[in-house]
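Trainee: give me coordinates for this.
(chains A and B)
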2 protein chains.
Amino acid sequence: MRKFVAHRAKKLITNATASLFNPHHQSSSSSSNQYYTSARLARFFTSLPSDTSMASDKSTPPLTVDSLNPKVLKCEYAVRGEIVSLAQTLQQDLQANPGSHPFEEILYCNIGNPQSLGQQPITFFREVLALCDHPTILDKSETQGLFSADSIERAWQILDQIPGRATGAYSHSQGIKGLRDTIAAGIEARDGFPADPNDIFLTDGASPAVHMMMQLLIRSEKDGIFCPIPQYPLYSASIALHGGTLVPYYLDEATGWGLEVSELKKQLEAARQKGITVRALVVINPGNPTGQVLAEQNQRDIVEFCKKEGLVLLADEVYQENIYVPEKQFHSFKKVARSMGYGDKDIPLVSFQSVSKGYYGECGKRGGYMEVTGFSPEVREQIYKVASVNLCSNISGQILASLVMSPPKVGDESYDSYFAERDGILTSLARRAKTLEDALNSLEGVTCNKAEGAMYLFPQVKLPNKAIKEAEKAKKAPDAYYAIRLLNATGIVVVPGSGFGQVPGTWHFRCTILPQEEKIPAIVTRLTDFHKKFMDEFRD
Amino acid sequence: MRKFVAHRAKKLITNATASLFNPHHQSSSSSSNQYYTSARLARFFTSLPSDTSMASDKSTPPLTVDSLNPKVLKCEYAVRGEIVSLAQTLQQDLQANPGSHPFEEILYCNIGNPQSLGQQPITFFREVLALCDHPTILDKSETQGLFSADSIERAWQILDQIPGRATGAYSHSQGIKGLRDTIAAGIEARDGFPADPNDIFLTDGASPAVHMMMQLLIRSEKDGIFCPIPQYPLYSASIALHGGTLVPYYLDEATGWGLEVSELKKQLEAARQKGITVRALVVINPGNPTGQVLAEQNQRDIVEFCKKEGLVLLADEVYQENIYVPEKQFHSFKKVARSMGYGDKDIPLVSFQSVSKGYYGECGKRGGYMEVTGFSPEVREQIYKVASVNLCSNISGQILASLVMSPPKVGDESYDSYFAERDGILTSLARRAKTLEDALNSLEGVTCNKAEGAMYLFPQVKLPNKAIKEAEKAKKAPDAYYAIRLLNATGIVVVPGSGFGQVPGTWHFRCTILPQEEKIPAIVTRLTDFHKKFMDEFRD
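Mentor: This next block holds a predicted model:
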């Protein structure tokens, strides 16, 4: 069937390859760039001999780590790195031989994973999820006794928004339209500016959304993405995986991790002088790992800067519900831009939100969305295409994303218990943040900014030279050395600052504020004892 | 703080950058390739002027489709492409103006999405999911009346496997260990060979697992991935997104979409002569879009070929439960390799499984796993790292993946209803496949191989020259033209063969066998009428 005479074969092959990878292909020849794939691929459809000097009879060399994609090798992800592996080993030790270490349990303060440390889910959200998972019980009388009336009502509403009530079907690639309507209404209520359900892309948590934008924007290492230092290592990892260049801007620790536009200008200039096209600016607000909440004026300056410099503004707003100080409030970057008079066409802006954070902390549900505004229809189409290659995000996560943007309201049966659960979690987090912050600031050589928001503290530790030398001997970064010693002595897992980036010569670690409140005093004692002994051992 | 004298600054900066991206960094200098990131990135930490001839005062040009990552632009994904968009528009038309088209509903036969077409979920699975979503009802007396005893028991078992019973927490990056134990036991029971829970990576459906392997294996367009033609366009899309080269091998339509090792050899030789390193071979069994089930001897030949040629075998086995003919059986490639005497160290092999297919069809739950065997510990570590950047797959999907690999057993309270539901779906799918296959084969110029398995038929349509010319005028591939005409006339959505690849000069479409059985006669009538009219219009 494929034994053609050579020239006819070549023609047929080129056409076939073009149609294979381009359903719009016409068999008439064309120089349109619709056909870019055909030239590159057609050569594999012909068996005409070419460069026979190649060692074509040799098998592919065995797969080794050196023959993997170097972008994968470059990528680092500290929050699940070496120290977490050590913690898992210690945990297995403790299970096999209780009493084998000077602590009874591992306290995972390395990652914002509230429910792993005992935080309970919001009852209303879980009621609705359970009913949507198994809708056949919605009509049963026993269900009235087990579930709140408004969770039953909400489950019906959601099911009616899903074509065929099929919670087990792939949805629209952006997510179920009715749920996006709910989310857009929630954004509108939050911001006081319109939101369009067609701008919402539901995703399996915020991480895949970030990857999607990086994949879209990064063409080569000549493309730069502006990131705060310290930053959440998802950004450095994703930029490395997609082969781009992380262009850093430093947050100023001395002013509570402030973001200075003069610093942005300086670093942008430096990057451009190196021939880097800076394509986007990442802002994390409230900050991770730093915990600061940006002032509105600061946000305006950032919007203005992105507008002037032609940068896509990538706003990581997953901690929007986590604010612990009365003097600060969350303002979405979209709200700020709109209040400055910039409309949808004026500035490309992506806001990331997740069900993993906030007071809900539903990390395991992998729900989230990005709101994409200010892109041309052609660019939007490409975002849609990339979303569609993974078909859709999980429906439970989609439902939950709609719930967190539309929780029970005053008057709903669940409202009081919902409010009590929510308030209990948020006020307790604020107290935990304050207690840990005070404890850290009381340690020799440790200074810690206030956690105004998010779920972390990022103290600076002035490590003695002796400790730094000891770390060198152990072939560890000094802050990693400190974190490993802390883990081995106390069971507390933190992430060294070197995983997030820090000003040269300074050392930090990130610690979540998530352990349950009754455990905080013991953590403070253990941390204080450890630090004292560490300093006694190494003090210069 | 960052105003150093130049040479000291440079040194500090290099060290800091190395620590930022490598927590194992030591401040003593080293020529190890651990420091590869520092050289590339250090330049952004210095404000020393360099190439000032660059137009560094100009803002980034506006974001246009032409300035996006060209790999994204190249990627095509036909199963959610142009024809599906048209179908969505028609559906909106029908809702707004009933009677505006010669059909009452759109029948989405473009994608394997059973529950969107009315298939009901397996009750036991949904009971367990609901109970795990809202475990506080497990102890309530009403729950006994609503849920089967074994679903309650199973939910307890699963909760006990989850640290802290926290279904809302991020899990281990590979998935919850206890669930992986269950899955490994299920694989062992299926194959009769051992399976290791540490080889299982739970993922949000099979697609992210495929992307992960492509990301790992593809370094540049000089790396090739061997794919069947026709293929499921996830593969061509993923290879395009990761910048590799799809090396095609043709399935032989004349022998029921047989896979010939001679064809593999010929195409591999041709690719190698072009300087392509073919790194992996994709096999889809049962086949998508082709529906064939490979004979065991054929599988042995493929294993032998991959072993000899040093190729990673990527086995897409998501349709393992969908077999419709008594003369064929599913054998996993791992079972085949082990039965040939190849152990874990002898051949790198990845098996993909999904909760979206089988008799369960839980596409919206986004559950799945890959079983990864035959890689070195160093390579495995890199796979783990990539998995960890996305933290974990969704827990409901993880639970469901464990359930499909460990359904109710004889004697369990749910067994009879489970068996009836499962058997009802599978035997009905077999009848639907046969009815549609016979109907297609009765059409003028259409030949259709048997759907031995999977969820699709992939008939060949000999299109008249007049129709091909008409398609050219409409700037469509001939099979796309046929599919659009079919959709406009009948509301039936199929995917043109050009989206999957086909032998030059042949035209096909893919049609799922998933519409509910009572709708099949009407579909056959509509399809037959349309085809007859189409041929009457264009017959040469």
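
Trainee: now the longest helix along chain A, how far from the centre of its chain.
Mentor: For chain A, the longest helix by residue count, based on DSSP state H, is helix A:415-441. When C-alpha coordinates are averaged (CA atoms, centre = their mean, to the nearest Å), helix A:415-441 and its chain have centres 23 Å apart.

Trainee: who touches the residue lying closest to A:Ile492 once chain neighbours are set aside in this structure?
Mentor: Of all residues not flanking A:Ile492 in the chain, A:Leu107 sits nearest, at 4.9 Å (CB to CB, 6 or more residues apart in numbering or on different chains). Bear in mind the C-beta positions are built from the backbone N, C-alpha and C, glycine included. If you count contacts by CB atoms under 8 Å, 6 or more residues apart in numbering or on different chains, A:Leu107 has them with A:117, A:490-493, A:515, A:519, A:523.

Trainee: secondary structure, neighbour count and pLDDT for those - can I get that in JSON lines?
Mentor: Converted to JSON lines, those look like this (DSSP: H, G, I helix; E, B strand; the rest coil; neighbours: other CB atoms under 10 Å in any protein chain shown; pLDDT from 0 to 100):
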{"residue": "A:Leu117", "secondary structure": "helix", "neighbour count": "19", "pLDDT": "91"}
{"residue": "A:Thr490", "secondary structure": "helix", "neighbour count": "22", "pLDDT": "96"}
{"residue": "A:Gly491", "secondary structure": "coil", "neighbour count": "21", "pLDDT": "95"}
{"residue": "A:Ile492", "secondary structure": "strand", "neighbour count": "22", "pLDDT": "96"}
{"residue": "A:Val493", "secondary structure": "strand", "neighbour count": "24", "pLDDT": "95"}
{"residue": "A:Pro515", "secondary structure": "coil", "neighbour count": "21", "pLDDT": "94"}
{"residue": "A:Lys519", "secondary structure": "helix", "neighbour count": "14", "pLDDT": "93"}
{"residue": "A:Ile523", "secondary structure": "helix", "neighbour count": "20", "pLDDT": "94"}
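
Trainee: the longest helix of chain A and chain B, any residue contact?
Mentor: No: in terms of CB under 8 Å from any CB of the partner chain, no part of helix A:415-441 sits within range of chain B; the closest distance is 12.0 Å.

Trainee: low-confidence ranges in the stretch 101-250 of chain A?
Mentor: By pLDDT under 70, the stretch 101-250 of chain A contains no weakly predicted segment.

Trainee: run through the helices of it in chain order.
Mentor: In chain order, the stretch 101-250 of chain A shows helices spanning A:123-133, A:141-146, A:149-161, A:177-191, A:206-217, A:233-241, with DSSP state H, counting those that start in this stretch as the criterion.

Trainee: could you export these as TSV, including mean neighbour count?
Mentor: Conversion of the helices of the stretch 101-250 of chain A to TSV gives the following (neighbours: other CB atoms under 10 Å in any protein chain shown):
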stretch	mean neighbour count
helix A:123-133	26
helix A:141-146	16
helix A:149-161	19
helix A:177-191	19
helix A:206-217	24
helix A:233-241	25
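
Trainee: and these: which comes nearest B:Tyr360?
Mentor: Each of these has some distance to B:Tyr360 by CB to CB; the shortest is helix A:123-133, at 13.6 Å.

Trainee: show me what counts as buried in the helix or strand containing A:Ile484.
Mentor: Assigned by DSSP states H and E, A:Ile484 belongs to helix A:478-490. When neighbours are counted by 16 or more other CB atoms under 10 Å in any protein chain shown, the buried residues of helix A:478-490 are found to be A:478-487, A:489-490.

Trainee: what's in contact with it?
Mentor: A:82-83, A:86-87, A:90, A:101-103, A:107, A:461, A:463, A:467-468, A:470-471, A:474, A:476, A:492-498, A:502, A:507-509, A:526-527, A:529-530, A:533-534, B:23-24, B:27.

Trainee: so which of those belong to helices?
Mentor: Counting by DSSP H, the contacts of helix A:478-490 contribute A:82-83, A:86-87, A:90, A:467-468, A:470-471, A:526-527, A:529-530, A:533-534 to helices.

Trainee: pLDDT below threshold where in the stretch 401-540 of chain A?
Mentor: With pLDDT under 70 as the threshold, the stretch 401-540 of chain A has no low-confidence stretch at all.
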